[in-house]
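> Just need the structure, nothing else, for what follows:
(chains A and B)
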There are 2 protein chains.
Amino acid sequence: MSEPKMNGAESLVHSLLSSGVEVCFTNPGTSEMHFVAALDHIPGMRSVLALQEGVATGAADGYFRMAGKPASTLLHLGPGLANGVSNLHNAKKAGSGVVNIVGEHASSHIALDAPLTADIEGIALPVSHWVRTSTSAAAVGKDAAEAVQAAMVAPGQIATLILPSDTAWDDGGVPHEALDRAPPAPFAEDLLTQAAQALDGPESLLLLGGNALGESNLELAGRIAAQTGCGLLSEWANARLERGAGRVAIGRVPYPIDIALEVLKPYKRIVLLGARAPIGFFAYPGKPAILTRDGAEILPLAEAGTDLTSALNALCDATNARLTPPAHIAAPEVPERQQGPINLDTLAATIARTIPEDAIIVDESVTTGRGFSPLTKGAARHTWLNNCGGSIGYGLPVAIGAAIACPDRKVMALIGDGSAMYTVQALWSMARENLDVTILIFANRSYKILRGELSNVGVQNPGPRAIDMLSLDRPDLQWVDMANSMGVEACRVSECEALELAIETGLATSSPYLIQVDL
Amino acid sequence: MSEPKMNGAESLVHSLLSSGVEVCFTNPGTSEMHFVAALDHIPGMRSVLALQEGVATGAADGYFRMAGKPASTLLHLGPGLANGVSNLHNAKKAGSGVVNIVGEHASSHIALDAPLTADIEGIALPVSHWVRTSTSAAAVGKDAAEAVQAAMVAPGQIATLILPSDTAWDDGGVPHEALDRAPPAPFAEDLLTQAAQALDGPESLLLLGGNALGESNLELAGRIAAQTGCGLLSEWANARLERGAGRVAIGRVPYPIDIALEVLKPYKRIVLLGARAPIGFFAYPGKPAILTRDGAEILPLAEAGTDLTSALNALCDATNARLTPPAHIAAPEVPERQQGPINLDTLAATIARTIPEDAIIVDESVTTGRGFSPLTKGAARHTWLNNCGGSIGYGLPVAIGAAIACPDRKVMALIGDGSAMYTVQALWSMARENLDVTILIFANRSYKILRGELSNVGVQNPGPRAIDMLSLDRPDLQWVDMANSMGVEACRVSECEALELAIETGLATSSPYLIQVDL
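Here you go, the predicted model:
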């Protein structure tokens, strides 16, 4: 009996499914119509429509962080991919695996330079670890399996597969089984003894990143800290950090450069485990870019993408910390109920009070959220996601992906108003998919971080036009209207009591709910 | 007396101003703070804040089309540029000149691979004709002048100047005067006689594009058509077309491939003047990509970027048409007042009735607008702008740029709901700048064009999941709320009488006004 005929698009969907890709964040166009048709009649792939491609790629980032495996995106030629590039940049910096499927003109059509013709590979390369253009329907299945394999290289990579439309519509598609996942690279075992010796008292630091910030790995780090007296920190931005009462609490290297320099000043010996040596987010005139003290010894025991769990276990043994009770276990701590106007302190305390057990917190609060970390460390156990690439507009999309990966967990998205506007279309997808996301929009009506940066870079006394270019208050954004326009329920609060009630209301429903928090 | 000290950022602003760049569409970040400061204290540059970079680049496209000279954009590193790439793609295909200023980390910081570090040149190249990274504060002024010069190469080019932040903050900036504008390349004079002979009766076609679609050039084309009996058409998408009563009316090569083939079938000889030979927007299985008949003689008399006005004048003389009254002059024609539900015909008629004299129409109506052209050709004189690059989300931003370039003209933006969502943040900038734009959002609650494309590419009987991926009706977008959320007044109509009243209301104010047109 001969196999039934299958076109390239159908082989793509079958191959993605075989490799464990179950979700497609999509904004398709004409060149992707055969994939749309294939998604229609092949069961197993959840298709989530986005109204702008940055939503799709950001959602794939959030999905990977929580599911530990890649989603696919379906994007329309070069410009559709381009709209997704900034959140692919963020995903790349977070070590998230994403499989982008990008439609392309039929091979014969490319030379004609039609309006939508663009250098798709050129657009993909700056944000992709792996880029391929399929050459025939027969190649698509294997290409898809290899794309997923590339996306799963630790910690996670961006794979972009470009499919000329004839490779989608031609018969001869061959589904391909999943390819083996490459094991993570080994950590630097030759540095182990040196690293264990370096961790010796309060002048030494164990700096963690990546999946070293998982619950059990943090516990190992806590044992090492207890045994050696070393400090524990994570990078400023972490793809995923497990936190809350009963877990080992870990501070972050601060964003503001002067504070970061101060925090890192005591450390003469630093062991890196999934983290990179601390540098400034930006350069500032007359200030150092390297944040560690002069002459600090830096030992890169385990780079991102290596086997961090083995590295932590080995370091735990090498420091004889295996049986030492971990230091820095966060005690349960619920702040008092807050009253009166919302300010950064009462806001942080109210969030700490309301974080539900096992919540996922997507944090794009920028300036507003700098005080969240200490006040929430004893809250109910939760997962905290940061923006690792610095391109704002990551938060709402990542919340979509997290909610789809973990339908049984509550998602809280803490988003600055400026940040939210870059990918505000995400609200519609949340409503459409009825996602369990409670969104706090911090309405400070400015790019407040830039007010500080003006003086950081040496611009004192900015004039009215400069201030205006950093202000979002002319007109004020009306977030309740914005949410309603896309089918999301919303309210607006300016007092702590109302804020707490609003958060409880949002968490009580399984639908998206937006709260404009006036600051 | 020594010159006062000037940093690189200040030399940039002075040099742009000297080269005639008077508007900056901006979404700045830390690496651009010195430019913000320079814009603050150096008068002459209008800064227009956008909440997403696609708004900024699209606005620059619209500005060039109407002002005939480039605006600048100010974008935040690689990801900020990336968000603007799709509308730069559209601008590039439209032949619009744009000067992108993109901040970059200080030279010393790039090697540290900070979170926002990206391959900015790599992101710029696919959509730029000219890319440069300044190497010192002293170089910035000259680089800026050369960027403007590059942007002004006919018909208009994308120039991207990347400025490491130390080149902005270091002293030693040297303002540079404007550089000479390169004249357009000569047209193919050697083809002139052949072209004049080819235009002979109804089997011949003069196909126009670029500034051949200006009022006086169209009149020349009308004379040639009257004298030779040739057909006149423009490309499907035109950067700028002058239309309305008293002007030479010109049809467009249709978008739907079967209709395009039919329209072009009669033509055995085609003279190209600022246009390219007609090809399909996409390839479709079993259908030709070249839309002209087999064996048609195609004479590229004047390519885009050549001197189209001289070419038309020469062709006019070579066909002895100089004194022939032009054919196809549109007679004034105002359709009757429409009544009852809005459909595509009554909508087109109502728009034709309400277009004000000297209006600028920004058309991103996609499927809804296919019938607008014939019904509006006898309307009041107006300028019509199309999307030349096919990346939707061009319309609202282009309307911003057009309104800023032409503050004394009314702008009407005709936008599909799906298209509007890609760059919906544009509404806020319209409110902030109090721009005279009346926006019609055609709410068909679907990517309707893709429903047709599904069957064009051979997918018959799409199933529910495919339909769902092309539908925007779950939830319905509430455009009045959306507009209000960003400070734009709005209403919603479903009957012709209300539509006409709403358009008149919008045109009567000098502020932005949005109309949700239910279809």
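
> And A:Ile400, what's its pLDDT?
Per-residue pLDDT puts A:Ile400 at 98.

> Can you give me the neighbour number for it?
33 (other Cβ atoms under 10 Å in any protein chain shown). Where C-beta positions appear, they are placed from N, C-alpha and C, glycine not excepted.

> Setting aside sequence neighbours, what's the nearest residue to it?
Leaving aside its sequence neighbours, A:Ile400 sits nearest to A:Ala59 (Cβ to Cβ, 6 or more residues apart in numbering or on different chains; 4.1 Å).

> In three-state terms, label the one you found for me.
helix (DSSP: H, G, I helix; E, B strand; the rest coil).

> repeat for A:Leu218
Three-state call for A:Leu218 (three-state DSSP): helix.

> So what would you say the end-to-end distance of stretch A:229-244 is?
One end of stretch A:229-244 to the other measures 22 Å (Cα to Cα, to the nearest Å).

> does any bit of it sit next to chain B?
Yes: residues of stretch A:229-244 contacting chain B under Cβ under 8 Å from any Cβ of the partner chain: A:Ala237.

> chain center to that stretch, what's the gap?
Computed by Cα atoms, centre = their mean, to the nearest Å, the chain-centroid distance of stretch A:229-244 equals 15 Å.

> cool, and stretch A:209-222?
Distance, stretch centre to chain centre, for stretch A:209-222: 18 Å (Cα atoms, centre = their mean).

> what about it, near chain B?
No: Stretch A:209-222 is not in contact with chain B by Cβ under 8 Å from any Cβ; minimum separation 12.2 Å.

> List the buried residues in the helix or strand hosting A:Thr505.
Applying DSSP states H and E as the criterion places A:Thr505 in helix A:496-508. Across helix A:496-508, burial judged by 16 or more other Cβ atoms under 10 Å in any protein chain shown covers A:Cys496, A:Leu499, A:Glu500, A:Ala502, A:Ile503, A:Gly506, A:Leu507.

> picking up where we left off before, distance check, the residue nearest to A:Ile400 against A:Ile415.
Distance, A:Ala59 to A:Ile415, by Cβ to Cβ, to the nearest Å: 15 Å.

> quick one, which of those two is more surrounded?
A:Ala59 (34 against 30).

> right, and the more buried one touches A:Phe25 too?
Yes: in terms of Cβ atoms under 8 Å, A:Ala59 counts as a neighbour of A:Phe25; the distance is 4.6 Å.

> Alpha carbons only: can I get the helix holding A:Thr505 in CSV?
Taking C-alpha atoms only, helix A:496-508 is exported to CSV below (Å, rounded to 0.1, in the frame of the first residue of the first chain):
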residue,chain,number,x,y,z
CYS,A,496,-4.1,50.7,48.2
GLU,A,497,-7.3,49.2,49.5
ALA,A,498,-8.8,49.4,46.0
LEU,A,499,-5.6,47.9,44.5
GLU,A,500,-5.7,44.9,46.8
LEU,A,501,-9.4,44.3,46.0
ALA,A,502,-8.7,44.7,42.3
ILE,A,503,-5.9,42.2,42.3
GLU,A,504,-8.1,39.7,44.3
THR,A,505,-10.8,40.3,41.7
GLY,A,506,-8.5,39.6,38.9
LEU,A,507,-7.1,36.5,40.5
ALA,A,508,-10.5,35.2,41.3
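
> any idea of the angle the very next helix or strand once past that helix forms with helix A:496-508?
Next in sequence after helix A:496-508, counting helices and strands by DSSP H and E, comes strand A:513-518. What separates the directions of strand A:513-518 and helix A:496-508 is an angle of 160 degrees, with axes from the mean of the first three to the mean of the last three Cα atoms, to 10 degrees.

> avg pLDDT for the helix holding A:Thr505?
Helix A:496-508 shows a mean pLDDT of 98.

> try stretch A:237-244
Model confidence over stretch A:237-244, given as mean pLDDT, is 97.

> what stretches of chain A score poorly on pLDDT?
A:1-4 (pLDDT under 70).

> Sweet, I'm off.
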